[in-house]
Structure formats: structure tokens, C-alpha cells
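Engineer: okay, predicted coordinates and the sequence, questions at the end:
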2 protein chains.
Amino acid sequence: MSHGAGGRAMADLVAGIFRDAFANEFLEQGNDQASLPIPAGGRMVMTTDGYVVSPLFFPGGNIGALAVHGTINDIAMAGARPLYLSASFIIEEGFPLADLQRIAGSMGQASRETGVPVVTGDTKVVERGKADGVFIATAGVGLVPEGLALSGDRAEPGDVVILSGSIGDHGVAIMSSRENLAFETAILSDCAALHGLVAAMVDAAGPHLKLMRDPTRGGLAATLNELAHQSGVGFRIQEAAIPVKPQVAAACELLGLDPLFVANEGKLVAVVAEAGADALLAAMRAHPLGREAAVIGHAVADDQRFVQMTTAFGGGRIVDWLSGEQLPRIC
Amino acid sequence: MSHGAGGRAMADLVAGIFRDAFANEFLEQGNDQASLPIPAGGRMVMTTDGYVVSPLFFPGGNIGALAVHGTINDIAMAGARPLYLSASFIIEEGFPLADLQRIAGSMGQASRETGVPVVTGDTKVVERGKADGVFIATAGVGLVPEGLALSGDRAEPGDVVILSGSIGDHGVAIMSSRENLAFETAILSDCAALHGLVAAMVDAAGPHLKLMRDPTRGGLAATLNELAHQSGVGFRIQEAAIPVKPQVAAACELLGLDPLFVANEGKLVAVVAEAGADALLAAMRAHPLGREAAVIGHAVADDQRFVQMTTAFGGGRIVDWLSGEQLPRIC
């Protein structure tokens, strides 16, 4: 418990691990806040997310990379260029410093690869048994170009729904690792930062692009229901059009999960006016993170705001929100 | 465990408690990020803090008000006008919704009183025993006026050190409440937002003002040592000049605490060039949160960066950082 209470030990911990891992000119200012240039023009977006994923290390990532990518993605979904991140750590007493170093190192790597610095941070330590290893809360700010106003309430009947790639990878990777399942083909989390893909999409579709959202907790089903609710429309989607990796589909069967409800950490759903759909799809497929992009359906007028799916067998079903919890602590 | 996993129950929880408590146009956008206007000119500051205070409710405040005030203060210490806050909640399964409502209500009130909206948020729920009630991580951004560049590395020999008021109130309020101590006079946390006081200080001292910092964890002792280290100077302070409320001094004796090391949540230390000290002190004393402001010492050339104090009895002592932990989970 000697880290985290304003003593010298804490200062050494912060200097030793986080400053090294996140090294950048802003963090090096050494104040309780970072002083940052802001580009002129446009609007700012701000977002925050808490990460409580269990286990902390999983196939394809860990809580640190997840925190950086997830917050960048929430910024990017507004069509914004991510500028700066903050990170707050709540650490359980006795948590191995080597694990903290791995997590910080992974965040630093994600930050360098994406070009989005972690400019300020905080560390608190709580007694053993009062937290579960480490929790991370990240916040981020970004800049939306002048004239762009993507928002979840902008879907209109006739708009096309495009999904950037296969669903269920992240949730299944976490669950397999929790249940100690080994599949013939390793299933990795799709944890990735989507701001590069988003920039290409904004360029390609311009004003035709209405909104984007990343289907994390609750999966594609929750995201489409949220958007239906927010925009006051329904969605009609085709199961056969939704990419699911064969090994993920098999694991879902085994685990009793429906991929529609399973979390993703490197995918997005876009809603685009029909006139812009072809250009958008082409731009997405040209990007490494959108190679499997597919039109999965469209928005319809529907006062009940239902998400309805034509199944692979030609039947129909309503894709509802889950009323409870399918996969706790998935992110 | 049905809150916090992307299902409808979570959406209801968020809508029902946080949206009501924080009601503002940005949060109502309903996206995973808030779209915000940014004033032209100046630099942006960004900060974050995790709050793990125990108990969650204490005399003079609670974790919610603390999170809002603390983050506003970290922004204000840069001389910045706080613009926007984000809030991330990690909640233990079974935590009473009534307590969550009280905390959210208190954050909403602090947000309205200070004029700084909580524009975006996130909620995660972890299993019983995997967190302690609720943890909150807030982040904030603010705007520093053009030309102002306060920083912890700017103290120079001869500069004057001013403290805005009495020390130790917050830490002693928490400890008394933890130990179930009842004193004749109630000791309340000094939890308060300092951005109004800071604006008056910036106006009064102009370029003479070198830096400000709020002595939270580790108290005045940790803050002065941090600043000495960052600026490469020493500090000489006078114990008799440091305001300590009689009931706080008495409680510290009883609890075996030194007020110099006890956390504050509504106080600041300013370092100002001698030419601006009188004007700054007068401006601080004219503000409700600076009525007891006092010159407590000055910076000196000292390669060893020592903080030395002339005691009330005329002796001298070195005020070191604590090597370990005095008061865990004080904020």
C-alpha cells in the first residue's frame, strides 16, 4: 500500500513505469494536468470508458491495449481525429509490478502505433481484495472536421447498414480464455484502433455518411437497437450477410452464445445514404481493417423501432436487446 | 450483474440516474462521445483522477462531489478555465442504487454550481467483492488563456509561497469518520472547486504568478517537495504562518498525524514573484475560498532541493516526503 498516496514510493512508481511506457513531451511536463495545443477549426469530441476486463491478458491483447484502442474508437466513431488520451489506474495492493509493466508497455505501444499520446494519468492503490488486479479508465479528446456531424440519431429509412468485418472475435477470445478452452484454431480478440479506417471512410462517403458506432458490449444486436431507438427507425438485416469466422461460430455453439450479442473491439457499423454506399464499401474494403466489410441490411420506417433479421434459413426473427447480462467483464 | 453489459437494464440505469443527475445538452446527444464547441485561442489542458475514497460519504462531502471538484482543481491549477468533464464509474454488484443516486446527485449539483458539465460517461459493474462500493475516474479539459504558462518547474529563488487557507481538514474529516471519532466541533472536508479563486488570482498577479498546485494526497509537504524537485530550488517555510484549525490540530494530535502530510481538497499553493505577492495575497483574501490566505515562505537556491521549516518554537526541521503511506484511500 505504499504506492499511490503521495509519498516518494508513488512518485517513483509513476516515473518508473508509466513515464517510460508512455514517453511523450506532454506527460514530461510533470504537472497534474497536461498543457496541449489545439488545432483550429471544427468541434471537439470527448469520451471516457472504464476497463474491467477479466482476465487482464487474453489472446490477441490485454486490458492496456484495449483501453487505448477502445477510447480511440469512441472518438473515431464521431468522424474525429483522436488527439490526446488520459489514463487513470486503480490497482489492487500486491498486483505484480511485472504485470503492470506489461500493461503499461502495451498501452505505450498502442499509443505510439496510433500516434495518440497518453498525456496525463493518475494511479490509486486500494487494499488487497478491494479491486481485481487493475482497472483502467481512459478518456480521450479528438477534433471533428468542420461540417461533419455524425450522430446516432441520423439514420433514416432507406439508409444502408455496413459492417466492417466479422463479429464475435473479442468476446469469444475472452470467454475461451476464461473457460480454459483450447480450439484447434486460436481465436484472437479483434482489438484494434479504427481511426485510420474511419478517416478513409469520411473521405470516401463525405456527407452521405450518417453515423458510425462500434459494437462493443452487447454486440451488434445492442448497437443496432440503440441506433434504432435513437434515430426512431427500424433495421432489417440479413444473417447470411454478417461475417462470422467459422471457428468463432463453432465456439459460440459450444459456449451457448449468439455472435450477434458478443462484444467486438475492432469493428464498426456505419449507416450511409444509399447514394454513398458503394463508394463507402469500396473504401472500407481497401483498408486492412475493413477487408471483409459487407452491406448487412438497411434502415426502414418502423414506429416500433424493431431490429428484424432474415435468418440464413429464410425465416425471420426480431433481434432484441438482452434484458440481462450475457458476458460480464468482457471489456 | 445485469447493469453494465450493454443490455437494456444498463441503458435504463444510465438514463435513469446519470442522465437525470447530470442533465445537459452534450450528454443528451446520446452517443458514445460528446461533441463540444471549443473556444478559439489559448492552449488546452487535460487531466484525470481516480477516486477510491473510503468511506464514500464523509463529513463535508462524498466521492461524487470530490471527483468533480478535484478534477476542476487540477484544471484550474494551470490557470485554465474548466470546460468539460467526463466520468467513468466502476460499481460493485449489489451497491445500493439509492447511494448511487446520492452520489450522482451530488456530482450533478457540483457540476451545476461550478458551471462545468459532465458531458460523457461510462458505467461498468463488477462482481461482489471485486471492487469496494464504487470507484469514479473523472477526466477534464480546460482552456488556458493565451500567454499564461504556469508550471511546476517555474519557481525561482526569491519567489514567495502563498497558501490559500488552513490545511488538514479533508484528511482529518475522512480519518475521524473512518475511526468513528466524534469531536466537539465537527470537522468537515474542505472539498471545493477553486477555479473562481484561480481566475481572481490570474487577474491580480498577471505574469508574476509562476505556478499553482493543490496539496491533495501527501499534503503540503508532498506538494512543496514535488515543486522543489521540479523547479530545482529549495523552500523555506514558517510553521507559525501555516493556518491549521484548532480542532484539526487537536484531532491530528489524537490520531498521530502531522497536518503537513494530510490531504486537502479545497486549498492551493501559489508561487509568485515577489513583485506580485502583495496584489496576489489581497486578491486571494477578497475571495471566499481564500480568506485565510497567507504567505508561508519563499523559494531559495538549494542544490539539494530541501523543504526546510522554521518551527513554531524557533527550531528548524527538514520536511521530507513520506517514504510510505500515511493515509490510504483519502481521495
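Structural biologist: In hand now; what should we look at?
Engineer: just the strands in the stretch 1-150 of chain A please.
Structural biologist: A:34-36, A:43-51, A:57-58, A:61-62, A:81-92, A:118-126, A:134-144 (DSSP state E, counting those that start in this stretch).
Engineer: okay, domains of chain A per the record?
Structural biologist: For chain A, automatic domain parsing gives the domain ranges A:8-28+A:41-144, A:160-318.
Engineer: which of the ones you listed is buried the deepest?
Structural biologist: Burial of the domains of chain A is given as mean neighbour count (mean count of other C-beta atoms under 10 Å in any protein chain shown); domain A:8-28+A:41-144 ranks first at a mean of 22. The C-beta positions use only the backbone N, C-alpha and C, and glycine is treated the same way.
Engineer: spatially central residue in chain A, please.
Structural biologist: Nearest to the geometric centre of chain A sits A:Gly70, at 3.6 Å (C-alpha atoms, centre = their mean).
Engineer: so who does that residue touch?
Structural biologist: Counting by C-beta atoms under 8 Å, 6 or more residues apart in numbering or on different chains, A:Gly70 touches A:49, A:51, A:138, A:216, A:265, A:331.
Engineer: between these, which is nearest chain B?
Structural biologist: Proximity of the contacts of A:Gly70 to chain B (C-beta to the nearest C-beta) peaks at A:Asp49, which lies at 4.7 Å.
Engineer: show me the residues around the closest one that make contact.
Structural biologist: A:67, A:70-71, A:74, A:137-138, A:331, B:88, B:122.
Engineer: quickly list what A:Ala299 is bridged to.
Structural biologist: For A:Ala299, the beta-bridge partners are A:Phe235 (DSSP bridges).
Engineer: give me the phi and psi for the one residue in the stretch 151-300 of chain A that gets nearest to chain B.
Structural biologist: Closest to chain B within the stretch 151-300 of chain A is A:Gly218: 2.3 Å, counting by C-beta to the nearest C-beta. With angles defined as degrees, to the nearest 10, A:Gly218 sits at phi 90, psi -10.
Engineer: surely it and A:Asp320 touch.
Structural biologist: No: with contacts counted by C-beta atoms under 8 Å, A:Gly218 stays clear of A:Asp320, the gap being 11.0 Å.
Engineer: before we move on, back to that, can you add mean pLDDT and give the domains of chain A back as TSV?
Structural biologist: Listed next are those as TSV, based on pLDDT from 0 to 100:
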stretch	mean pLDDT
domain A:8-28+A:41-144	92
domain A:160-318	95
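Engineer: of those, which is nearest B:Ser106?
Structural biologist: domain A:8-28+A:41-144 (18.8 Å; C-beta to C-beta).
Engineer: from the chain's centroid, how far away is that closest one?
Structural biologist: Computed by C-alpha atoms, centre = their mean, to the nearest Å, the chain-centroid distance of domain A:8-28+A:41-144 equals 14 Å.
Engineer: same check, this time on stretch A:285-298
Structural biologist: Distance, centroid of stretch A:285-298 to centroid of chain: 17 Å (C-alpha atoms, centre = their mean).
Engineer: kindly report the same for stretch A:149-161.
Structural biologist: Distance of stretch A:149-161 from its chain centroid, counting by C-alpha atoms, centre = their mean, is 20 Å.
Engineer: now it - C-alpha only, PDB.
Structural biologist: Provided in PDB are the C-alpha atoms of stretch A:149-161 (Å, rounded to 0.1, in the frame of the first residue of the first chain):
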ATOM      1  CA  ALA A 149     -21.800  15.900 -37.700                       C
ATOM      2  CA  LEU A 150     -22.200  12.100 -37.400                       C
ATOM      3  CA  SER A 151     -24.700  11.100 -34.700                       C
ATOM      4  CA  GLY A 152     -26.700   8.000 -33.700                       C
ATOM      5  CA  ASP A 153     -30.000   9.900 -34.400                       C
ATOM      6  CA  ARG A 154     -29.300  10.400 -38.100                       C
ATOM      7  CA  ALA A 155     -30.400   7.000 -39.600                       C
ATOM      8  CA  GLU A 156     -33.300   7.400 -42.000                       C
ATOM      9  CA  PRO A 157     -35.400   4.800 -43.800                       C
ATOM     10  CA  GLY A 158     -33.600   3.600 -46.900                       C
ATOM     11  CA  ASP A 159     -30.100   4.200 -45.400                       C
ATOM     12  CA  VAL A 160     -27.700   1.300 -45.900                       C
ATOM     13  CA  VAL A 161     -26.000  -0.500 -43.000                       C
END
